[in-house]
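K.L.:
Give me a 3D structure for the following:
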Amino acid sequence: MVKLAAKCILAGDPAVGKTALVQMFRSDGTHFQKNYTLTTGVDLVVKTVPVLDTNDSVELFIFDSAGKELFSEMLDKLWENPNVLCLVYDVTNEQSFNSCTKWLEKVRAQTPGTFLPGVLVGTKTDLAGRRTVDTAQAQAWALGQGLEFFETSVMVWWCVPVILPLRRLKWEDKVFKASMDYIARPYLKLMIMPMVMLVVVMVVMMMVVVMIIMVIMVMVMIIVMIMMMMVVMMVVIVVMIVMIMVMMVMMVVVMVIMVVMMMMMVVMVMIEMMVTMVVMVVMIVMMVTVVVIVMVVVMMMVLVARDVTQESAYLVHSTLN
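P.N.:
Just a heads-up that it's a prediction; the model follows:
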């Protein structure tokens, strides 16, 4: 039993059904892609296919290629060393059939001087009312280019026979024994740059995120410091206001105390003056009283002396008489 490996290029214009065809083929008809998705670059699909009338098998590495000219440079690198070609066109789009010549030349340019086996596949045969490419015309063109020919519709899953022309090829002559590294090398080689770019972008994004986080942290720290300073300033201002108010209260209290003391002093002075005046009045009264008494005494003494004198004189006069 021999297991071979083959690189199959799936090429054709955009929207002809290449991706739907290969997805149905890979899933054996269980996965139908309902919505159109633009292929960017190449999608790699791997499926093992048995070779008819043998125990051998071929591991097909199918390069589902984008149909846009935008990706043409990428395709040139991915299409290195192809073994099998599958050209796809839309039976309702004559332009896609006419473009097959261009796609065939582009793929065969990768193997100059070597015959490249392949198959021409017409899709969307379920849209019979919109067909613009005649079956005989397409078959004749495929025969002239040395290609197998088949028409199918992904809608009704006629994709199993699509691989039959590939199975009928002489694998022992056209397919090389190769490892996965050999088959996938161009694909991996081209994918390295996007992966490197992705890693670089992720690193840059992480650095940017880290820088943004650091800036945010610095800003938060600055804001916190400013807020703390503002709080401290507010506390200081409040303390100063409180101190000023306390000082003002103390000054008022001192002033009240001083006023009270002055009033007390005035009252004391007034009391003292009143006491002095009372004392003086009392002394004057006493002095007057003493004077009056003295005068009364003197007068009494004078009267007594006069009486005594008169009495003496009377006695003397009496005696004399």
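K.L.:
Determine the three-state secondary structure at residue 150.
P.N.:
State at residue 150, reduced to three classes by DSSP: H, G, I helix; E, B strand; the rest coil: strand.
K.L.:
and it, how many neighbours?
P.N.:
For residue 150, the neighbour count with other C-beta atoms under 10 Å is 22. Backbone N, C-alpha and C define where each C-beta goes, glycine included.
K.L.:
what's the answer for residue 201, then?
P.N.:
By other C-beta under 10 Å, the residues close to residue 201 number 11.
K.L.:
do the same with residue 131
P.N.:
Residue 131 has 17 neighbours, counted by other C-beta under 10 Å.
K.L.:
how about the nearest residue to it once chain neighbours are set aside, what does it touch?
P.N.:
With C-beta to C-beta, 6 or more residues apart in numbering as the criterion, residue 131 has its nearest non-adjacent residue at 5.1 Å, and that residue is residue 91. Applying C-beta atoms under 8 Å, 6 or more residues apart in numbering, we find residue 91 in contact with 97, 122, 123, 124, 125, 127, 131, 132, 133, 135, 138, 151.
K.L.:
Apply 7 Å and report the result again.
P.N.:
By C-beta atoms under 7 Å, 6 or more residues apart in numbering, the contact set of residue 91 is 122, 123, 124, 125, 131, 133, 151.
K.L.:
what bridges to the second one?
P.N.:
With beta bridges defined as DSSP bridges, residue 123 has these partners: residue 90.
K.L.:
State the mean pLDDT of stretch 306-321.
P.N.:
Over the span of stretch 306-321, the pLDDT mean works out to 69.
K.L.:
same deal with stretch 131-145?
P.N.:
Here the average pLDDT along stretch 131-145 is 93.
K.L.:
Could I get the buried residue list for that stretch?
P.N.:
Residues of stretch 131-145 classed as buried by neighbour count (16 or more other C-beta atoms under 10 Å): 131, 133, 138, 139, 141, 142, 145.
K.L.:
For it, which outside residues touch it?
P.N.:
89, 91, 92, 93, 94, 97, 104, 120, 122, 148, 149, 151.
K.L.:
Now the third one: phi and psi?
P.N.:
Comment: the main-chain dihedrals of residue 92 come out as phi -100, psi 0, following degrees, to the nearest 10.
K.L.:
mind checking how far the residue nearest to residue 131 is from residue 99?
P.N.:
14 Å (C-beta to C-beta, to the nearest Å).
K.L.:
Just the CA coordinates for stretch 146-153, please, in PDB.
P.N.:
Provided in PDB are the C-alpha atoms of stretch 146-153 (Å, rounded to 0.1, in the frame of the first residue of the first chain):
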ATOM      1  CA  GLY A 146      -5.400  18.200 -22.200                       C
ATOM      2  CA  LEU A 147      -7.900  18.500 -19.300                       C
ATOM      3  CA  GLU A 148     -10.600  16.300 -18.100                       C
ATOM      4  CA  PHE A 149     -14.100  17.900 -18.100                       C
ATOM      5  CA  PHE A 150     -17.100  17.700 -15.700                       C
ATOM      6  CA  GLU A 151     -20.100  19.800 -14.900                       C
ATOM      7  CA  THR A 152     -21.800  19.800 -11.500                       C
ATOM      8  CA  SER A 153     -24.000  21.600  -9.000                       C
END
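K.L.:
Against residue 120, how distant is residue 137?
P.N.:
For residue 137, the distance to residue 120 (C-beta to C-beta) stands at 11 Å.
K.L.:
Likewise for residue 315?
P.N.:
To residue 120, residue 315 is 201 Å away according to C-beta to C-beta.
K.L.:
So these two - more neighbours on which side?
P.N.:
Neighbours were counted for residue 315 and for residue 120 using other C-beta under 10 Å; residue 120 has more, 25 against 10.
K.L.:
Not counting sequence-adjacent ones, nearest residue to that one?
P.N.:
Leaving aside its sequence neighbours, residue 120 sits nearest to residue 142 (C-beta to C-beta, 6+ apart; 4.0 Å).
K.L.:
Name the helix or strand for the one you found, please.
P.N.:
Using DSSP states H and E, residue 142 sits within helix 135-144.
K.L.:
next one: that helix to chain centre, how far?
P.N.:
59 Å (C-alpha atoms, centre = their mean, to the nearest Å).
K.L.:
Now do the residue nearest to residue 122 when sequence neighbours are not counted: how many residues are near it, please.
P.N.:
Taking C-beta to C-beta, 6+ apart, and ignoring the residues beside it in sequence, residue 122 has residue 151 as its nearest neighbour in space, at 4.1 Å. Residue 151 has 20 neighbours, counted by other C-beta under 10 Å.
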